[in-house]
Structure formats: structure tokens, C-alpha cells
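K.L.:
Sharing a model prediction with you, sequence too.
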Amino acid sequence: MSKLLKAVEKAKQNRMLQEKLAEGTYANTVASPAGAKMVPSASEDIDCAVIAAAVEQGKAVSLPKSFYDDIVLDEMELAKNRILTKNSSASFTDIYNLLRTQIFHRTKRDNHNVLMVTSAMPGEGKTITSINLAISIAREVDQFALLVDTDMRNPSIHKYLGIDVDMGLTDHLLKDIPVPDLLIKPGINKLSFLPAGEPIKGSTEILGSPKLQELITEMKERYPDRYVVFDCPDLLHAPDALVFSSYVDGIIFVVEAGKTSREYVQKALKLLEGRNIVGVVLNKTEKESLSVVS
């Protein structure tokens, strides 16, 4: 069976199991983790066929925490922040579907599934681009997406999602808290989110640590069907993004049309010489559109 057909079959099994869970069919045989929201979600950690067979036989099954969404996002808040939702207009959705397709075309052949998104200056739309690209990737039938906030000086993904976070990547790097304990399932099928954690000083040293490099390598190799999208700081205000750029497979560089000077763009791109820039995205905020120009 082809990879696509397997993915479709798995999605079908997931959907059937979710429907039965929602109906309460398995209420007496399936236990949810303490504190989890009862909003089942497809997960790469679940073999739905095995679970469905077990519960049909009346066996008690304890679903892993990753099967349940940790939160339910407010779609009105997402729309206000220009984040994709299931009710987004077709034209707005197509913007990021096109970006996703172009990124796939430039990365899949070489198994380049670890990407960072950056810009020359703050406020050019890199975080919105990161979030919406990750959501669009997760909507592909055979893809998973992990969105990681690595803007440790000014983390903001959680703000765009309209949620509060207590811990994140820095807690793994500084306190050895396991990454699975820090991941958030935001109610978007096949998407996981790793927050940055509390803002910190000395982020350049943390981003340059061997521990982070090992984590990125593990993210890349453990799940080849998952794209990892890192939202990084801008390039011209701190060295964080430049340090991080040596760890990833590809870089998406966001430029806001009519705002950033040619001088700043050229200076930022010069810093990235020798790196794999998979696309320069022109963010036309007043027209709600993007263009990949290289």
C-alpha cells in the first residue's frame, strides 16, 4: 500500500475512533489522562487500529496524553490575529497552501524537514508566517507539523494563539524537563506546539548549546514525516537567529513590502551567505497576501 493510501486509511480509522469516543461508545473502556480535555485528536503516537480492536473486545485501554488536545483555541481570536482557521476565506487559506506547496517542492527531495523563519527586522510578519505555514503543513493528509518558538527574548506565538504558557523550550534546556511534557496540542489536527518559555537574557548562549543541537537532530531523524518550523528572532537586532541558522535544513526569510529598506534586507541576507534559503517571502500585509520571490 502506498504511503498516501496508508495515511488515508489511518485518517479514516482515526476519524471512526474519534466519533465513537465523542458518542461515548467507549466511555467504559477508554481512560483519558488526568486533566486532559476530552477533545480527541489524530496523533502520530497512536495506532488507532490496535486501540479500536482492543476496545471492541471490551478491553480497558488507556490512551496516551498526546491523543487529547490540551486546549481549544478561540477561532475568533485566531481570526483577529490573522491565523488560519477552518472558517478562513478560501483566498486567505490558499495563500499559505501555495507557500506550503512551494516549500515542499524545494525541501522534500532532500528530506529537508527542519526549517526556520526569520526576517531582517521585527514586525515583518515572520511569526504569523511561521504559525500559518505549520497549520497548512499539518492539514496535508500525510504530514505532521511541530511549531517551535525560539524567539527567546520576545516569545509571541502563544499570544497569537490566544493562550497562556508557563513553560517551554528553555525549561528543557536549563532544567532538563522532557520535551513531551512541554508540548501543547492546540486543537489543530496533527499540529504540536513547543513554546519558548519565559523570556530570558543570554539566549544566544542557550541557542548555541550542544543540547539544543542534539534536540534538533532528534526532531529531524525521529519523525521524517514531520516538518519542524522554528519561529526565530530577526537577524539585525541580535545574533540569535544567525547562530540558529547553522542547525536547520532551510531558511524562510520574510520581508514586509513597503516597510523594510533594501539596505536592511541586503545586510540580513549577507549574514545568511552559505546557508540554504528556501524562500524569500514578500509579506503584503495590506493585501493579505504572500509571494515567494526566490
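P.N.:
Received it, and whenever you're ready, just let me know what you need. Nothing here was measured: the structure is a model prediction, and the numbers come from that model.
K.L.:
pLDDT of the host helix or strand of N97, averaged?
P.N.:
Here N97 sits within helix 90-107, counting by DSSP states H and E. For helix 90-107, mean pLDDT rounds to 94.
K.L.:
what mean pLDDT does stretch 210-225 have?
P.N.:
90.
K.L.:
which parts of it are buried?
P.N.:
Residues L212, L215, I216, M219, K220 are the ones in stretch 210-225 that count as buried (16 or more other CB atoms under 10 Å). In this view, the C-beta of every residue, glycine as well, is placed from N, C-alpha and C.
K.L.:
same thing with stretch 259-270?
P.N.:
T260, Y264, V265, A268, L269.
K.L.:
Export the residues you listed as a markdown table, with columns for pLDDT and distance to D240.
P.N.:
Listed next are the buried residues of stretch 259-270 as a markdown table, based on pLDDT from 0 to 100; distance: CB to CB, whole Å:
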| residue | pLDDT | distance to D240 |
| --- | --- | --- |
| T260 | 88 | 19 |
| Y264 | 95 | 17 |
| V265 | 94 | 19 |
| A268 | 96 | 13 |
| L269 | 95 | 17 |
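K.L.:
Which of these sits closest to D149?
P.N.:
Distances from D149 to the buried residues of stretch 259-270, taken as CB to CB, are shortest for A268 (20.3 Å).
K.L.:
Would you mind stating the distance between that closest one and L183?
P.N.:
31 Å (CB to CB, to the nearest Å).
K.L.:
Packing partners of whatever helix or strand comes next after the helix holding N97?
P.N.:
Using DSSP H and E, the helix or strand that follows helix 90-107 in sequence is strand 114-119. Contact here means 3 or more CB pairs under 8 Å, 6 or more residues apart in numbering; DSSP states H and E; on that basis strand 114-119 packs against helix 126-138, helix 210-222, strand 226-231, helix 240-244, strand 250-256.
K.L.:
so which helix or strand takes in L84?
P.N.:
Secondary structure assignment for L84, by DSSP H and E: no helix or strand.
K.L.:
How about L147?
P.N.:
strand 144-149.
K.L.:
now for that strand, which elements pack on it?
P.N.:
Counting by 3+ CB pairs under 8 Å, 6+ apart, strand 144-149 packs on helix 126-138, helix 157-161, strand 191-194, strand 226-231.
K.L.:
If we use 10 Å, what do you get?
P.N.:
On a contact count with 3 or more CB pairs under 10 Å, 6 or more residues apart in numbering; DSSP states H and E, strand 144-149 meets strand 114-119, helix 126-138, helix 157-161, strand 191-194, helix 210-222, strand 226-231.
K.L.:
can the helices and strands packed on strand 114-119 go into CSV with extra columns for distance to L161?
P.N.:
As requested, these are exported to CSV (distance: least, CB to CB, whole Å):
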stretch, distance to L161
helix 126-138, 7
helix 210-222, 20
strand 226-231, 12
helix 240-244, 21
strand 250-256, 19
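K.L.:
and N113, which of these is closest to it?
P.N.:
Nearest of the helices and strands packed on strand 114-119 to N113, taken as CB to CB: strand 226-231 at 4.9 Å.
K.L.:
how far is the closest one from where the chain is centred?
P.N.:
Distance of strand 226-231 from the chain centroid (CA atoms, centre = their mean, to the nearest Å) equals 5 Å.
K.L.:
what angle do it and helix 126-138 make?
P.N.:
Between strand 226-231 and helix 126-138, the angle comes out at 170 degrees (axes from the mean of the first three to the mean of the last three CA atoms, to 10 degrees).
K.L.:
helices or strands next to strand 226-231 in the packing?
P.N.:
helix 90-107, strand 114-119, helix 126-138, strand 144-149, strand 191-194, helix 210-222, strand 250-256.
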